[in-house]
Structure formats: C-alpha cells, structure tokens
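# Here is a sequence with its predicted model. Questions after.
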Amino acid sequence: MKTPGLVLICFTAFVILTASCEKDEDDRDKFVGSYAISETWTLDGGGTGTDSYNITISKSDVTKTDIVIENLGNTINVFGAQMNVSATVTGNSFSIPTQSIALGANSVTVTGTGSLNDKLITINYVIVAQWQGQCTGFKQ
C-alpha cells in the first residue's frame, strides 16, 4: 500500500521539476538577425524615392521586451550617421515609441510600427518633419 503513495510523491516531484525547468520564450528571438530592406519614402514637403539597404536587429540590454533596429532609414547617406532605434516587441509586432535620436550634428524624432511574418519584416516609420518610410525586407 505504500507504493502508490511513493509513486504519487515521485510523480508530483517530477511535474514540479519539469515545470520549473521550462524556458520562457522570448518574443524578441524571432526578430534578431540581419535583413535586406527595400524602402519607399516620402519627403515632407514633396518628393518620393526608394532605397535598398541592410538593417540589423538585436535584443536590447535595457529591457526584456525591447529590440534595437540598427540603420533604420539608411540615414548615413543623409545625416552622416546611422539611426539606431529602440522598439518594444509584443508577439510578432513591435512599436517604435517616439524617441529623439542624435545623428551627427542633427537630432531627429522618430516613431513607428512593424511586424514579422515568418522571415518578412514590415516597418512603417516617420522621422518627424523629415520623411516617412515604408520598409519591407527578408531575414538573411
């Protein structure tokens, strides 16, 4: 009669240990990597264009929900500095909260949204009083 009690204790211990060893999934993991971007942009005040460039996405060291998007907008050609923005991930989407970014001697304000569908990333962003960009790209 003591055997069923021992089995129950062992089973309970196994369940507790297994549950405590489960790894929490980090939504940011799927975003991390390099992407080949195709962008269509519109200048405030008129004018449109396209650009192709690469971005890199990494996990932020600041919070467990943020990523860093490096080279968004390929701004090095315009401002002489690369724009790196923080974004907050929720599932397969992210938001770029309004933030001020120093680009060489200039400072810009950027905001936007994005999503990831398998390896296809889509980003819509605005550099306030400068331009609006719509990007798509594939993870390399």
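Arrived safely.
# what bridges to Trp108?
To be clear, residue 108 is Val; Trp isn't right here. Beta bridges link Val108 to Ile101 when assigned by DSSP bridges.
# Now for it, how many residues are close by?
In terms of burial, Val108 registers 20 neighbours under the definition other CB atoms under 10 Å. Just so you know, the C-beta spots here come from the backbone N, C-alpha and C atoms, and that holds for glycine as well.
# can you pull out the helices in the chain?
Along the chain, the segments classed as helices by DSSP state H run 2-21, 76-79.
# weakest of the ones you listed in terms of mean pLDDT?
Considering the helices of the chain one by one, the lowest average pLDDT is found for helix 2-21, at a mean of 52.
# Low-confidence regions, this protein specifically.
In the predicted model, the chain carries pLDDT under 70 at residues 1-24.
# Apply 80 and report the result again.
Low-confidence segments of the chain, defined by pLDDT under 80, are located at 1-25.
# mind listing the strands for it?
For the chain, the strands identified by DSSP state E occupy 33-43, 48-59, 66-70, 84-90, 93-103, 106-117, 120-127, 131-139, in order along the chain.
# Figure out which of those is closest to Asp26.
Between Asp26 and the strands of the chain, the tightest spacing by CB to CB is seen for strand 48-59, at 7.6 Å.
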